[in-house]
Structures are given as structure tokens and as C-alpha cells.
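Q: Predicted structure and sequence below. I'll ask about it afterward.
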Amino acid sequence: MSEMFTPEDLQTVTRVVRQRRTFKVMGNSDAPVQIDPQSAEKNRAILLESVKSADSAPFHYDRQCDNVPQPWRVNILWHESCQKVASNFYQWFDDVKPGNKLPSMLSACGACVLVSWLPQFSNSISEDAASETIPKAKQIQIDQEHLAAASAYVQNLMLLLTAANMGTYWSSGGQFRTRAMMDRLSMAAPQQLLAAVFVEFPDTNSDEIQRVPGKLAQARSSPDRWMNIVQL
């Protein structure tokens, strides 16, 4: 290790991990939440640094896509872009039910961070010229490693934002996952959306905001239900 940490450092990290909570923050898409420009600038700088720092997530295989080894890609929509998506949502997607939560979430967040992973073999046409010589089981393992690495990136990001007193909600993305929407946002294949992380800036105050905790917040089992000490 390049640096030795103190017990206090461990306590701080542990506190951040344990205090990370899921809250779905929703506003009124007809009257979007307004964020002070100075506050927005400060929080955007913090978020950008968090996006960069989260890159310390481990990955096992070189993805070899566009000369970038990491198997994840990140696209950021700031507050204004989120509100633009919210205002056009029902024009862009005419097959969604009224009351869809995405427009209200987009109208309230300070940013939405879209994290994608890059499958290597599970596309209909493999990019890997040597794929025919790689056993199917190995192909599956490599793609699973890519997905796990991108998930580790998302968790890194959420913990960093939690430490910055920003609220986060990991959404699977809904309509953001469609090819039409990804094309609109210039998210080229082979990107597959893993997480739409809705970020609430800490000093966003509005009586119109509704914060709903994750539906599984109270459903966790105790460690003795899922942990086993192996004895040989």
C-alpha cells in the first residue's frame, strides 16, 4: 500500500458506507426546481471530481474499446439538460403511462450521471476478432467481469457523493435505456446503460420536493443470514 490509514480514517469510511441511503427525490415537472447558479457551479465541480475519483474501481480485463481499458463510460446531464428531457419526455416517448416518475425526478435533481458498461461478447455481433477461439464460458466470464467492474464504479461514485452530502438514487434508467434515447444523448454502442444516478445537490431547498426512501430500505437481512465463515 502506498499510504497507511488511521483508525479514524476507517471510521470515517465506515460511517459514509453505512449512511449511504437511497432517496427518490421528485419535483413538479411543470414547475421545475430552481438551483442557485453559484451553488450549481460549486456542486458541479465537486461532482466532476467525484466522477474522476470513482475511476479507482477495479477492473480485471482490458476492455480494448477506443484505446480505453476501463469497461465503463460516463455521461453527465446537468440540471438544465435534465429539465429539458423532462419537458420533452412525453413527446419523445409516446408509449409511457401518465405518472411516470422520470420527469419528476429529472425536474428536481442537480445532475443525472449515466453510467454504462461495455459488453465484449454478449452483443449480437462480437467486436473481438478472436471470439471464435474463446470458449463461450470464458466469454461469459469476461463480460461478467466488465459488468462487475462498472458496478464497482457506480458504488464508488455514490459513496463519494454521499461524503459530499449529496443525495443519490441509483435507477436502472427506464427510458434512458432505449436505443433511441441513447442515440439522442450520443451514447454510442456498445454502451449499455447500467445506472442513471440522480444526484440531489445539498443546498437545494424547495417545498415542492418530495423525498421517498428506497422501497427495500427496511428489508435488509442481518449479516448472519447471508455471511458464512468457512472452516476447512
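A: Perfect, I can see it now.
Q: Pull out the buried positions in the strand or helix carrying D143.
A: Here D143, judged by DSSP states H and E, is contained in helix 136-163. Residues of helix 136-163 classed as buried: 139, 142-143, 145-154, 156-163 (neighbour count, 16 or more other Cβ atoms under 10 Å). Backbone N, C-alpha and C define where each C-beta goes, glycine included.
Q: So which elements touch the helix or strand of the chain with the lowest mean pLDDT?
A: Ranked by mean pLDDT, DSSP states H and E, the weakest helix or strand in the chain is strand 210-213, scoring a mean of 83. The helices and strands touching strand 210-213, judged by 3 or more Cβ pairs under 8 Å, 6 or more residues apart in numbering; DSSP states H and E, are strand 23-26.
Q: And the average pLDDT for the strand it packs on is what?
A: Taken as a whole, strand 23-26 has an average pLDDT of 87.
Q: all helices of the chain, in order?
A: For the chain, applying DSSP state H gives helices covering 7-19, 37-53, 79-92, 101-108, 136-163, 179-184, 223-226.
Q: what angle separates the third one from helix 101-108?
A: In this structure, helix 79-92 runs at an angle of 150 degrees to helix 101-108, with axes from the mean of the first three to the mean of the last three Cα atoms, to 10 degrees as the basis.
Q: Where does pLDDT dip in this protein?
A: Applying pLDDT under 70 to the chain flags residues 1, 123-131, 205-207.
Q: make it 90
A: Residues of the chain that meet the criterion pLDDT under 90 lie in 1-3, 21-37, 64, 93-100, 121-134, 136, 179-180, 186, 188-189, 202-220.
Q: tell me the contacts of A196?
A: By Cβ atoms under 8 Å, 6 or more residues apart in numbering, the contact set of A196 is C112, V113, L114, V115, W170, S171, S172, G173, G174, F176.
Q: For F176, see how far away it is.
A: 5 Å (Cβ to Cβ, to the nearest Å).
Q: list residues touching both of the two?
A: With Cβ under 8 Å, 6+ apart as the test, A196 and F176 both reach L114.
Q: picking up where we left off before, tabulate the helices of the chain (a markdown table), appending distance to P202.
A: Below are the helices of the chain laid out as a markdown table (distance: least, Cβ to Cβ, whole Å):
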| stretch | distance to P202 |
| --- | --- |
| helix 7-19 | 14 |
| helix 37-53 | 7 |
| helix 79-92 | 14 |
| helix 101-108 | 13 |
| helix 136-163 | 10 |
| helix 179-184 | 28 |
| helix 223-226 | 31 |
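Q: Any idea which of those helices gets closest to R211?
A: For R211, the closest of these is helix 101-108, at 9.2 Å, according to Cβ to Cβ.
Q: Which strands and helices lie in contact with the closest one?
A: Checking 3+ Cβ pairs under 8 Å, 6+ apart, helix 101-108 ends up next to strand 23-26, helix 79-92, strand 192-200.
Q: buried sites along it?
A: For helix 101-108, by 16+ other Cβ under 10 Å, it's L102, P103, S104, M105, L106, S107, A108.
Q: Leaving out the residues flanking it, which one is nearest to V154?
A: Excluding its sequence neighbours, the residue lying closest to V154 (Cβ to Cβ, 6 or more residues apart in numbering) is A195, at 4.7 Å.
Q: now the helices and strands packed on helix 101-108 in TSV, with distance to Q11?
A: Shown next, in TSV, are the helices and strands packed on helix 101-108 (distance: least, Cβ to Cβ, whole Å):
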stretch	distance to Q11
strand 23-26	24
helix 79-92	34
strand 192-200	25
